[in-house]
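Trainee: Just the structure for this:
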Amino acid sequence: MKIHGFGLIGCGRIAKNHLQAISSHKYARLAAVCDIDAGRLAEVKEQYGSTAYIDYREMIKDPKIEIVNICTPSGLHAKMAIEAMNAGKHVLVEKPMAMSLHEANAMIDAADQNGVKLGVVHQNRFNKAIVKVRQALEEGRFGKLTHGALTVRWHRDKNYYDQAPWRGTWAQDGGCLMNQSIHNIDLLQWMMGPVESVFAYTATNAREIEGEDAAVAVLRFKNGAFATIEASTTVYPRNLEETLHIFGTTGTAGVGGVAVNKIEAWRFEGVDEAAVLTDQDKEPPNVYGFGHYDIIKDFIDAVDGGRQPAVPGAEGCKALEIILAIYHSVKYREEVKLPLTEKFMIGVGL
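Mentor: Presented below is the predicted three-dimensional model:
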């Protein structure tokens with residue numbers, strides 16, 4: 001098989017997972033890294049090797065690079081992804097793929113026009129527990145879906161936001177929904193199906209940020225089911241839980257753990273729940289889980305096989321649209337129907 005050259009933009013908090021995954025894949029080679037922080041860039045270059053760039057526009061000209069991983073602040077994702085795709089590179093971008101549907105759709109168009117792949121990093125879809133729930137869903141074991149629920153009860157203190165001034169800003173990040181909860185919102189809609197409408201409240205109760213640090217929302221799905229979202233970064237004094245529950249007329253599943261990686265309820269006719277609960281993956285060391293290797297492997301397979309990646313641009317756009325609909329519901333104090341018509345946009349724009 002072909003060895004694929006990777007270029008990574010943004011050497012911050014999440015980059016380590018990408019770098020380790022790339023280094024672990026026998027058909028991936030880290031060709032270049034890029035960051036505007038010279039000190040951080042030097043550290044990554046020393047640890048992983050490869051060519052170092054301060055300017056991503058120079059990096060995407062590098063002919064050794066076939067796939068670009070974008071790990072920068074969220075407000076920069078769309079611009080960098082489009083420029084990389086226009087340079088003929090495949091792009092795997094961290095969540096959220098963009099800060100508006102306008103940006104996300106421009107990214108999808110750029111991938112189509114340039115004949116390259118666009119993937120969005122929702123690595124929790126590869127968690128063993130989530131794969132099991134999805135398989136049960138596809139086999140019809142839940143019966144008729146009735147409702148679902150997700151919680152993200154996390155702690156992010158002042159020090160977390162002070163470490164990177166872009167965090168919590170409307171231009172570059174958003175709040176606890178856009179940054180911390182989007183993975184679980186992606187899983188919820190992946191299980192429950194297309195969303196019909198959203199109603200929500202958000203607040204900034206305890207952190208000195210522009211975005212929300214607490215949110216509750218109710219979703220109505222086109223299949224008639226409902227779901228609730230509860231998200232916050234104000235839980236004292238440390239992370240409490242991240243959970244996803246799916247309920248149907250003939251099945252109940254609950255997933256928790258550090259990174260929605262552990263089945264906590266598995267109730268189907270004729271199933272020994274206790275046996276399922278003892279057959280679990282080990283806990284990951286942090287909330288990022290173990291899925292980055294799997295999603296990068298899938299992306300390589302998609303490039304080699306000429307197919308779409310597991311989470312292409314259009315799929316990555318779904319959780320983004322739900323969050324933006326929540327923001328619209330809060331601003332206009334009304335139920336918002338999907339597809340969303342953007343009346344305002346956050347982010348720095350293209």
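Trainee: so Val44, which of the three states?
Mentor: helix (DSSP: H, G, I helix; E, B strand; the rest coil).
Trainee: what number of residues lie near it?
Mentor: Other residues within reach of Val44, judged by other C-beta atoms under 10 Å, total 21. The way it works is simple: take the backbone N, C-alpha and C, and place the C-beta from them, glycine included.
Trainee: who touches the closest residue to it other than its chain neighbours in this structure?
Mentor: With sequence-adjacent residues excluded and distances taken as C-beta to C-beta, 6 or more residues apart in numbering, Val44 is closest to Cys11, at 4.6 Å. Cys11 sits next to Val33, Cys34, Asp35, Asp37, Arg40, Leu41, Glu43, Val44, Cys71 when contact means C-beta atoms under 8 Å, 6 or more residues apart in numbering.
Trainee: Now compare those residues and name the two farthest from each other.
Mentor: Glu43 and Cys71 (14.6 Å; C-beta to C-beta).
Trainee: mind listing which of the contacts of Cys11 are in strands?
Mentor: Of the positions in the contacts of Cys11, Val33, Cys34 sit in strands, assigned by DSSP state E.
Trainee: sorry, back to before: Glu43 and Cys71: which has the busier surroundings?
Mentor: Cys71 (24 against 14).
Trainee: I figured the more buried one was touching His18, is that so?
Mentor: Yes. At 6.0 Å, Cys71 counts as touching His18 under the criterion of C-beta atoms under 8 Å.
Trainee: re earlier: secondary structure element for the residue nearest to Val44, which one?
Mentor: Cys11 is located outside every helix and strand, with elements delineated by DSSP states H and E.
Trainee: ok so, going back, which neighbours do Cys71 and His18 share?
Mentor: In contact with both Cys71 and His18: Leu8, using C-beta under 8 Å, 6+ apart.
Trainee: Quick check: nearest residue in space to Gly75, chain neighbours excluded?
Mentor: Closest to Gly75 by C-beta to C-beta, 6+ apart is Gln172, at 3.6 Å.
Trainee: tell me, how many neighbours does that neighbour end up with?
Mentor: Neighbourhood size, Gln172 [other C-beta under 10 Å]: 23.
Trainee: Quick one: the helices in the protein, in order.
Mentor: Assigned by DSSP state H, the helices in the chain fall at 15-24, 38-48, 56-59, 77-86, 101-114, 128-138, 158-163, 182-192, 273-278, 291-305, 313-332.
Trainee: Tell me which residues are up against the second one.
Mentor: Spelled out, it's helix 38-48. Cys11, Gly12, Ala15, Leu19, Ser23, Leu30, Val33, Cys34, Asp35, Ala52, Tyr53, Ile54.
Trainee: For those, please prepare CSV with the additional fields pLDDT and distance to Val131.
Mentor: Listed next are these as CSV, based on pLDDT from 0 to 100; distance: C-beta to C-beta, whole Å:
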residue, pLDDT, distance to Val131
Cys11, 97, 30
Gly12, 95, 29
Ala15, 97, 26
Leu19, 98, 25
Ser23, 97, 24
Leu30, 98, 28
Val33, 98, 31
Cys34, 98, 33
Asp35, 98, 33
Ala52, 97, 37
Tyr53, 98, 36
Ile54, 98, 40
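Trainee: can you name the two of the residues you listed that are farthest apart?
Mentor: The span of those, defined through C-beta to C-beta, is set by Ser23 and Ile54 at 22.2 Å.
Trainee: more crowded one of those two?
Mentor: Under the neighbour definition other C-beta under 10 Å, Ser23 and Ile54 were set side by side, and Ser23 has more, 15 against 12.
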